[in-house]
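Trainee: Curious how this folds, go ahead:
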Amino acid sequence: MPHLLIACLVVLQLGCSQGIGHTAQDTLTATELLKEIGKGHALTYRDVTIEGDINLLDMEMGQLTPNNFVATVGAPLYFERCEFKGRLIGFEHRGDTARVIRFLSAVSFNNCRFEEGIDLRGSTFDHHLYFNASLFDKEVQLQAIRVGGDFRMEKTIFSGGLFLQEAVIQGSFWAKDATVLGQLSVQQADFWQNAVFAGLEVHGYADFGLANFRRSAFFEYGKYHERANFSGAAFRHRAEWTNTHFEKHVDLSNTWFAFKPIFTGIQKNEPFTLTGARFDGGKPDNDTLN
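Mentor: Sure thing, here's the model as predicted:
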């Protein structure tokens with residue numbers, strides 16, 4: 001099934017188009033793209049292939065402090081049906097200086113394909129970040145990112161791992177009907193608004209440990225093929241797992257539910273671990289977790 005999903009996306013015609021002030025072309029080099037981003041005007045690309053590694057840290061605009069350099073991208077970026085042949089780089093160490101990236105405007109990748117890895121650890125997105133309906137062939141590292149607006153990755157396929165540890169999402173989070181073929185980690189992530197994981201399918205280990213859900217969290221109709229860890233997570237509003245399928249062990253130890261959680265119609269093969277779990281709004285009905 002995962003291979004079928006990948007095949008369906010691969011057969012789509014992928015690439016990127018003209019940005020503002022550009023002549024349409026089928027291929028764009030990473031160097032050319034960075035040059036256009038550096039001009040500071042809004043860019044839109046459709047149906048063009050981008051060759052080479054895109055190192056956003058080579059941008060000249062930024063702020064240097066004794067311990068880090070924050071490169072900045074000021075204008076909105078929109079990519080649709082784009083194929084990225086190289087890596088997307090937004091984090092690295094150069095000597096004793098850590099270099100990260102800050103996006104001052106919205107960033108959107110819609111129905112794009114990334115053939116190599118993504119490393120945007122520590123990045124700041126002042127507005128929205130969209131990865132909808134895209135395909136990532138390799139590992140995606142988004143640890144400790146901060147998103148000021150909504151973060152959407154609906155119907156997106158991650159062939160490798162997806163890492164969001166310690167991320168701060170100030171807007172709504174949407175991973176509806178996404179697929180992660182490797183490991184998923186949102187350990188210690190902080191979700192300020194509603195977090196929607198409905199229909200999410202994870203083939204590797206799923207780690208929600210110590211995550212903070214300030215508003216409602218929805219996991220209904222999800223499928224978890226390996227262990228799922230929610231240990232120490234805080235659910236401060238509604239939390240729902242209606243018709244979710246767990247093939248392996250689920251750990252809810254030391255998890256806090258401010259409201260009564262909903263586990264209606266779940267499928268599981270063994271009892272959940274509930275050691276130290278707090279159900280301040282009442283325990284689930286009918287001992288569904290045992």
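
Trainee: in which helix or strand would I find S105?
Mentor: For S105, there is no enclosing helix or strand under DSSP states H and E.

Trainee: dump the residue contacts of it.
Mentor: A42, V73, G74, A75, P76, L77, D126, H127 (Cβ atoms under 8 Å, 6 or more residues apart in numbering). The way it works is simple: take the backbone N, C-alpha and C, and place the C-beta from them, glycine included.

Trainee: Tally up the residues packed near the closest residue to it other than its chain neighbours, please.
Mentor: Nearest non-adjacent residue to S105, counting by Cβ to Cβ, 6 or more residues apart in numbering: P76, 4.1 Å away. Applying other Cβ atoms under 10 Å, we find 17 residues neighbouring P76.

Trainee: show me the contacts for P76.
Mentor: P76 neighbours (Cβ under 8 Å, 6+ apart): A42, L43, S105, A106, V107, S108, H127.

Trainee: For ChimeraX, write the select line for the buried members of the residues you listed.
Mentor: Applying 16 or more other Cβ atoms under 10 Å to those, the buried members can be selected in ChimeraX as follows:
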select :43,106,107,108,127
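
Trainee: from the contacts of P76, which single one is nearest R121?
Mentor: Set against R121, the nearest of the contacts of P76 by Cβ to Cβ is V107 (15.5 Å).

Trainee: Look up phi and psi at the closest one.
Mentor: The phi and psi values for V107, taken as degrees, to the nearest 10, are phi -130, psi 130.

Trainee: Next, give phi and psi for L56.
Mentor: Dihedral angles (degrees, to the nearest 10) for L56: phi -70, psi -20.

Trainee: Relative to N110, how far out is it?
Mentor: L56 sits 19 Å away from N110, taking Cβ to Cβ, to the nearest Å as the criterion.

Trainee: again, but for V180
Mentor: Counting by Cβ to Cβ, the gap from V180 to N110 is 19 Å.

Trainee: For the two, indicate the residue with more neighbours.
Mentor: V180 (27 against 16).

Trainee: Return the set of residues that bridge with that one.
Mentor: When assigned by DSSP bridges, V180 has beta-bridge partners F158, V202.

Trainee: Surely it is in contact with L162?
Mentor: Yes. With contact defined as Cβ atoms under 8 Å, V180 reaches L162; the gap is 5.1 Å.

Trainee: need the contact list for G148.
Mentor: With Cβ under 8 Å, 6+ apart, G148 has these contacts: T124, F125, D126, H127, Q170, G171.

Trainee: Next, find the distance separating the closest residue to the fifth one other than its chain neighbours from S216.
Mentor: Nearest non-adjacent residue to Q170, counting by Cβ to Cβ, 6+ apart: W192, 4.7 Å away. From W192 over to S216 the distance is 12 Å, taken as Cβ to Cβ.

Trainee: Could you list the low-pLDDT ranges of the stretch 151-290 of the chain?
Mentor: Along the stretch 151-290 of the chain, the model assigns pLDDT under 70 to residues 286-287.

Trainee: quick one: which of the contacts of G148 is most hemmed in?
Mentor: Among the contacts of G148, F125 has more neighbours than the rest - 25 neighbours, counting by other Cβ under 10 Å.

Trainee: Looking at per-residue confidence, what score does it get?
Mentor: On the pLDDT scale, F125 is placed at 98.
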